[in-house]
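> Mind looking at a prediction? Sequence and model below.
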Amino acid sequence: MLNNQKSGDKMNPNRINNIKTGIVTSEKSYVLYWMQQSQRVYYNHALEHAINRANELELPLVVFFGLTPNYPDANHRHYQFMLEGLKEVKFVLEAMHISFVFKLESPEKAILPLLTEADTLVMDYGYMRHQKQWRQKVWDYANRHLKELTIDIVDTDVIVPVDEASNKAEYGAYTLRPKLHKIYNEYRDYGGLLEVNQPTFIKIGSDDDLSDIDLLISKLEIDKTVTPSLIYHGGYTHAKAHLIDFLTYKINQYPLSNNPGDDLTSKLSMYLHFGQISSLEILDSLIERFHSNEVTQEAYLAFFEQLLVRRELAFNYVTYHKGYDRFDSMTEPWAYITMKEHHHDDRLYLYTIQDYVTFKTHDPYFNAAMKEMVYTGYMHNYMRMYWAKKIIEWSDTFEEAYKTIIELNNKYFIDGRDPNSYAGVAWCFGKHDRAWTERLIFGKLRYMNATGLERKFDMDKYINRVNELISFS
């Protein structure tokens with residue numbers, strides 16, 4: 001695995017799925033790329049394919065983005081971060097002589113008037129249920145009304161396309177890992193972007209203005225009580241800066257990154273969430289540093305496991321586990337059995353969401369983790385597991401705990417509401433895990449406690465680090 005080199009510069013055709021072939025015509029005005037999940041220019045296979053298609057047809061390229069005014073569970077924090085990234089995308093695309101159409105309307109509706117003059121529609125892939133429904137509605141509309149339109153969908157937000165990695169729900173990392181290791185190098189396939197041969201700007205109606213993000217957000221009827229993070233800002237430029245900082249100063253300490261007191265994580269999850277940076281670009285950068293002897297083998301393997309195996313296990317989960325976001329169907333039968341057996345166990349503490357968000361539990365480490373989440377939009381990876389386990393312990397029922405975790409996760413985390421979120425929460429309830437020794441409340445679910453944190457880490461250092469972050473926010 002460590003000696004694999006980049007296999008070539010041609011996109012692997014398995015990334016591209018032609019879902020509709022249109023009738024050939026010479027009367028169309030442009031190729032249309034519907035950018036939604038992959039909100040970036042660089043390492044974007046869908047954009048690469050759209051440019052190639054436009055050049056092949058000698059047509060201009062139009063990139064479209066529809067901003068859903070009421071995206072599920074999204075609030076001011078999420079919109080701010082996303083719009084900062086989209087503002088940068090618009091600037092870069094227009095410098096490449098590519099038209100960017102931005103509409104303040106749900107994308108599956110806003111895109112329909114743009115389809116009539118399009119020869120080809122290129123879509124990036126959406127993995128969550130509502131994202132798939134959007135794309136299905138557009139496909140259904142085209143099948144009914146637009147016989148000339150060709151539609152291609154390109155999987156570019158994972159390294160190995162989900163259905164190429166596996167055709168079923170994997171039981172755990174240990175079953176998916178060998179499949180990914182076997183073929184991932186075939187998907188180090190980003191060839192770069194060509195210039196657009198027809199650099200004609202296409203004006204389609206009136207765009208909503210991305211230049212003033214505050215004004216744009218003021219038009220949205222969203223929850224504005226969760227304010228934008230003052231620590232983390234959206235866009236490829238910020239994502240790239242985090243990547244360079246991580247690979248330059250932190251990567252060789254990554255095997256120690258479970259320590260919440262040390263700031264050794266990459267901070268890339270929020271950028272991956274919005275598609276503002278590609279996991280393949282991160283992988284290519286990691287491998288390049290490894291081959292130049294800047295990264296140790298231990299560090300390489302540890303981060304490789306998280307970036308490829310663990311992340312793509314989450315995408316496998318939401319793709320093949322249809323009830324990924326419902327308590328009664330998100331985990332394994334053995335986990336439901338043990339939860340049922342311990343349903344009536346006495347809880348020493350019971351807390352409400354209000355207790356959590358005002359940091360009023362008896363546990364200083366949990367309170368510090370909540371402060372990091374509420375104020376910055378991020379929480380140290382190891383503390384996320386501890387945080388969820390404590391909510392399970394302090395809730396009257398397992399179902400109540402699940403709902404509380406999902407609500408807080410989706411509301412405060414910049415990287416919430418995605419495959420990693422749902423898989424991570426389900427893991428706390430036994431998914432992708434194994435049965436452990438029986439104990440009160442948790443049964444055979446994995447247990448975590450404050451004593452374990454103190455034994456492994458300097459937790460006062462974590463509390464101080466969070467307080468320092470808050471002082472800047």
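That came through fine.

> how near is the closest residue to V41 other than its chain neighbours to G235?
The spatial neighbour of V41 that comes closest, neighbours along the chain excluded (C-beta to C-beta, 6 or more residues apart in numbering), is V92 at 4.8 Å. Backbone N, C-alpha and C define where each C-beta goes, glycine included. Remark: distance between V92 and G235 (C-beta to C-beta, to the nearest Å) = 10 Å.

> now D163
Distance of D163 to G235, computed by C-beta to C-beta: 30 Å.

> ok, these two, which is more surrounded?
In this comparison of D163 against G235, neighbours counted by other C-beta atoms under 10 Å, the higher total goes to G235 at 24 against 14.

> Assess the claim that that one and L83 are in contact.
No. Checked against C-beta atoms under 8 Å, the pair G235 and L83 is beyond contact range at 9.5 Å.

> show me where the chain has strands.
Shown for the chain, the strands assigned by DSSP state E span residues 16-20, 30-34, 61-66, 99-103, 118-124, 150-154.

> quick one: which of those strands is nearest F303?
Proximity to F303, assessed across those by C-beta to C-beta, is greatest for strand 118-124 (24.9 Å).

> which residues sit against that closest one?
Applying C-beta atoms under 8 Å, 6 or more residues apart in numbering, the set of residues contacting strand 118-124 from outside is 22, 25, 28-38, 44, 46, 49-50, 53, 57, 59, 62, 115, 135, 138, 142, 148-157, 275.

> Report the distance from that strand to the chain centre.
In terms of C-alpha atoms, centre = their mean, to the nearest Å, the centre of strand 118-124 is set 23 Å apart from its chain centre.

> before we move on, what about stretch 425-432?
Here stretch 425-432 is found 18 Å from its chain centre; the criterion is C-alpha atoms, centre = their mean.

> So which bits of that stretch are buried?
By neighbour count with 16 or more other C-beta atoms under 10 Å, stretch 425-432 contains the buried residues V425, A426, W427, C428, F429, G430, K431, H432.

> Now do the phi/psi pair for the closest residue to the last one other than its chain neighbours.
Distances taken as C-beta to C-beta, 6+ apart put G172 closest to H432, at 4.6 Å, once the chain neighbours are dropped. For G172, the backbone dihedrals (degrees, to the nearest 10) come out as phi -170, psi -180.

> Give me the pLDDT value at G172.
Among the per-residue scores, G172 holds a pLDDT of 97.

> was I right about W427 contacting D433?
Yes. Because the distance of 5.8 Å satisfies C-beta under 8 Å, W427 is recorded as touching D433.

> just how off-centre is stretch 161-181 within its chain?
18 Å.

> Which helix runs longest in the chain?
The helix of greatest length in the chain, counted in residues with DSSP state H as the criterion, is given as helix 76-95.

> what angle separates it from strand 99-103?
Angle, helix 76-95 to strand 99-103, by axes from the mean of the first three to the mean of the last three C-alpha atoms, to 10 degrees: 160 degrees.

> Can you show me the helices along the stretch 251-400 of the chain?
For the stretch 251-400 of the chain, helices defined by DSSP state H, counting those that start in this stretch occupy the ranges 269-273, 279-291, 297-304, 311-320, 333-341, 353-357, 364-376, 381-393, 398-412.

> May I see those arranged in CSV, with distance to E105 as well?
Rendered in CSV, the data for the helices of the stretch 251-400 of the chain read as follows (distance: least, C-beta to C-beta, whole Å):
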stretch, distance to E105
helix 269-273, 22
helix 279-291, 29
helix 297-304, 39
helix 311-320, 26
helix 333-341, 41
helix 353-357, 32
helix 364-376, 31
helix 381-393, 34
helix 398-412, 23
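
> Throw these into a markdown table and include mean neighbour count, mean pLDDT and distance to T225, thanks.
What follows is those, written out as a markdown table (neighbours: other C-beta atoms under 10 Å; pLDDT from 0 to 100; distance: least, C-beta to C-beta, whole Å):
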| stretch | mean neighbour count | mean pLDDT | distance to T225 |
| --- | --- | --- | --- |
| helix 269-273 | 23 | 98 | 20 |
| helix 279-291 | 19 | 98 | 32 |
| helix 297-304 | 17 | 98 | 36 |
| helix 311-320 | 23 | 98 | 28 |
| helix 333-341 | 16 | 98 | 33 |
| helix 353-357 | 15 | 98 | 11 |
| helix 364-376 | 22 | 98 | 11 |
| helix 381-393 | 21 | 98 | 21 |
| helix 398-412 | 20 | 98 | 9 |
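
> Which among these is found nearest to D245?
Comparison of the helices of the stretch 251-400 of the chain against D245 by C-beta to C-beta identifies helix 279-291 as nearest, at 11.9 Å.

> In contact with the most centrally placed residue in the chain, which residues?
Of all residues in the chain, the one closest to the mean position by C-alpha atoms, centre = their mean is H273, 2.4 Å from it. Contacts of H273 were listed using C-beta under 8 Å, 6+ apart, and they are I414, D415, G416, R417, D418, N420.

> And for the second one, the neighbour number?
When you say that, I think you mean D415. Per other C-beta under 10 Å, the neighbour tally for D415 reads 22.

> right, and it touches L272 too?
Yes. Here D415 lies in contact with L272, judged by C-beta under 8 Å, at a distance of 7.4 Å.

> Isn't N259 up against L453?
No. In terms of C-beta under 8 Å, N259 does not count as a neighbour of L453; the distance is 10.0 Å.

> quick revisit: what distance do you get for the residue nearest to the centre of the chain to G377?
Distance, H273 to G377, using C-beta to C-beta: 11 Å.

> Any chance you could list residues touching both of those two?
With contacts taken as C-beta under 8 Å, 6+ apart, the residues that reach both H273 and G377 are I414.

> Can I get the longest helix of the chain as CSV, trimmed to CA atoms?
The C-alpha trace of helix 76-95 is given here as CSV (Å, rounded to 0.1, in the frame of the first residue of the first chain):
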residue,chain,number,x,y,z
HIS,A,76,-26.8,31.1,10.6
ARG,A,77,-23.6,29.4,11.5
HIS,A,78,-23.9,26.9,8.7
TYR,A,79,-25.1,29.3,6.1
GLN,A,80,-22.3,31.8,6.9
PHE,A,81,-19.6,29.1,6.5
MET,A,82,-21.1,27.8,3.3
LEU,A,83,-21.6,31.3,1.7
GLU,A,84,-18.0,32.3,2.5
GLY,A,85,-16.9,29.3,0.4
LEU,A,86,-19.4,30.0,-2.4
LYS,A,87,-18.2,33.6,-2.7
GLU,A,88,-14.7,32.3,-3.3
VAL,A,89,-16.0,29.7,-5.8
LYS,A,90,-17.8,32.4,-7.8
PHE,A,91,-14.6,34.6,-7.9
VAL,A,92,-12.4,31.7,-9.1
LEU,A,93,-14.9,30.4,-11.7
GLU,A,94,-15.4,33.8,-13.2
ALA,A,95,-11.6,34.3,-13.5
